[in-house]
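Would you be able to build a 3D model of this:
(one chain, ligands or ions: 1)
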Amino acid sequence: MSETPVQLLSPDGELTDHPDHPLDVDAPLVRDLLRRMVLARRLDEEALHLQRQGELGLWLQCRGQEAAQVGAVTALDDRDRIFPSYREHAAALCRGIPPAGLLSQWRGCSAAGWDPDEHRFGVYTLVLAAQLLHAVGYAMGVQRDGADEIVMACLGDGAASEGDASEALNWAATTSAPVLFLCQNNQFAISTPARLQQRAPLHQRARGFGVDAHLVDGNDVLAVHAVTATAAAAVRSGSGPVLVEALTYRMGGHSSSDDPSRYRDDAELAGWTARDPITRVERLLGRRGWTDTAFSDELRRESDELAAQVRADCLALAAPGIDSVFAHVLAGGSATVDAERSAHAAYAASFLD
Ligand SMILES: Cc1ncc(C[n+]2csc(CCOP(=O)(O)OP(=O)(O)O)c2C)c(N)n1
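Residues are numbered from 1 along each chain as shown. Below is the predicted model of the structure:
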């Protein structure tokens, strides 16, 4: 049987304390978390519009998952390393990745639009769960170097069904690697509901591997922030990996290519809409008198500006020359790749236009 998820903020905006996950909640913290979620949602919406207008090949919305990502990343230190999957746009914004960097992959302009070292944020991984093994391997290196950082590895409920996920959990447990696994259980793996692909909830499965685990309301940014802070402190103390399962909901389709109304019903969607991560924080700010017109006007202005910037930056992304495909195959180059580059150049030159 699954346990009750940790919650600090009810969907009505009512705040309660949790004995195991204390958090000093004040206006600056709540405003900061809200701002990050609002900007992430605006980026997400604008990117979807761009996809619909043919400017992006594909977009995978993170709408609904802003609290899980913002709550978790803001509970880490900047030096901690994150290994994302492919829907972590809100997390990426928290790490200062420029929106154009995020969009360039989905516009087909690059395989990764940012420097993972600069932002301490790995490239998006589309092969499910592969990043978990990268994260554990990296964390084992951190451990051997005695480096002052921990690693956060992101996965979805669907990725948890991959063999690589079990392998990563087991390796992390047996080596006591400093990894915090963040599972955003958004209820679906494309069209497959989580209940059809697991008999035991993921937080329980993690414990079976010897990985301590927490279950949290993933639409409650304060709860995710508090639980991740507890988990990060444990991982940092050297006591081994921890998994945080954030129960959330993917409000959009799996990607801009599918129609979610084919596999889920309106009542379910309405139930989760009532638990929207942004609305409940706005309610808290209202209840406490922590908001005013100046704050909301400024946030609206900032998000309009972001949307305009996202659009302008996207349209300015130039298609890469074919040479770049050959340039990044092998460090130092190779005669075979050079021959292939020449063969392609000759082929391209054979066309009349
Ligand atoms: C190894 C592998 N198998 C299958 C796929 C196809 N695939 C892409 S996304 C996806 C579902 C992922 O669901 P989840 O991990 O819950 O993440 P979400 O997309 O819901 O964020 C699948 C099966 C893949 N990308 N990689």
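
element containing the residue of the stretch 251-353 of the chain found nearest the ligand?
Each residue of the stretch 251-353 of the chain has a distance to the ligand, by C-beta to the nearest ligand atom, and the smallest belongs to residue 254, at 5.5 Å. In this view, the C-beta of every residue, glycine as well, is placed from N, C-alpha and C. Under the assignment given by DSSP states H and E, residue 254 is not contained in any helix or strand.

can you list the domains in this protein?
Using the TED database, the domains assigned to the chain come out as 9-319, 321-352.

What is the burial count for the nearest residue to the residue of the stretch 251-353 of the chain closest to the ligand once chain neighbours are set aside?
The spatially closest residue to residue 254, leaving aside those adjacent along the chain, is residue 190, at 4.4 Å (C-beta to C-beta, 6 or more residues apart in numbering). Number of residues near residue 190 (other C-beta atoms under 10 Å) recorded here: 12.

re the thing from before, correct me if wrong: the residue of the stretch 251-353 of the chain closest to the ligand contacts residue 192.
No. With contact defined as C-beta atoms under 8 Å, residue 254 does not count as touching residue 192 (9.9 Å).

out of the two, which sits in the more crowded spot?
In terms of neighbours (other C-beta under 10 Å), residue 254 is the more surrounded of residue 254 and residue 192; the figures are 20 against 15.

For that one, which residues are in contact?
Residue 254 makes contacts with 60, 188, 190, 191, 260, as judged by C-beta atoms under 8 Å, 6 or more residues apart in numbering.

Also residue 99?
Going by C-beta under 8 Å, 6+ apart, residue 99 touches 43, 47, 93, 306, 309, 310, 313, 314.

and the residue of the chain positioned farthest from its centre, what are its phi and psi?
Computed with C-alpha atoms, centre = their mean, the residue of the chain farthest from its C-alpha average is residue 352, at 44.8 Å. The phi and psi torsions at residue 352 (degrees, to the nearest 10) take the values phi -80, psi -30.

which residues are contacting stretch 158-175?
The contact list for stretch 158-175, computed with C-beta under 8 Å, 6+ apart, reads 85, 128-130, 132-133, 135-136, 139-140, 143, 153, 155, 177, 179, 181, 183, 188-190, 192, 194, 197-198, 202, 205-206, 209-211, 240-241, 243.

Which ones among those residues lie within strands?
Using DSSP state E, the members of the contacts of stretch 158-175 that fall within strands are 153, 155, 179, 181, 183, 188, 189, 192, 243.

Farthest pair within those residues?
With distance counted by C-beta to C-beta, no two of these lie farther apart than 179 and 192, which are 26.1 Å apart.

show me what contacts the residue in the stretch 1-150 of the chain that the ligand sits nearest to?
The minimum distance from the stretch 1-150 of the chain to the ligand, using C-beta to the nearest ligand atom, falls at residue 128 (3.7 Å). Listed by C-beta under 8 Å, 6+ apart, the contact set of residue 128 reads 85, 156, 158, 159, 162, 164.

is the top helix by length along the chain up against the ligand anywhere?
Using DSSP state H, we find that the single longest helix of the chain is helix 27-52. No. Residues of helix 27-52 contacting the ligand under C-beta under 6 Å from any ligand atom: none, with a closest distance of 13.0 Å.

In terms of secondary structure, what does that helix contact?
Judged by 3 or more C-beta pairs under 8 Å, 6 or more residues apart in numbering; DSSP states H and E, the packing partners of helix 27-52 are helix 66-73, helix 89-94, helix 99-106, helix 221-236, helix 277-288, helix 293-316.
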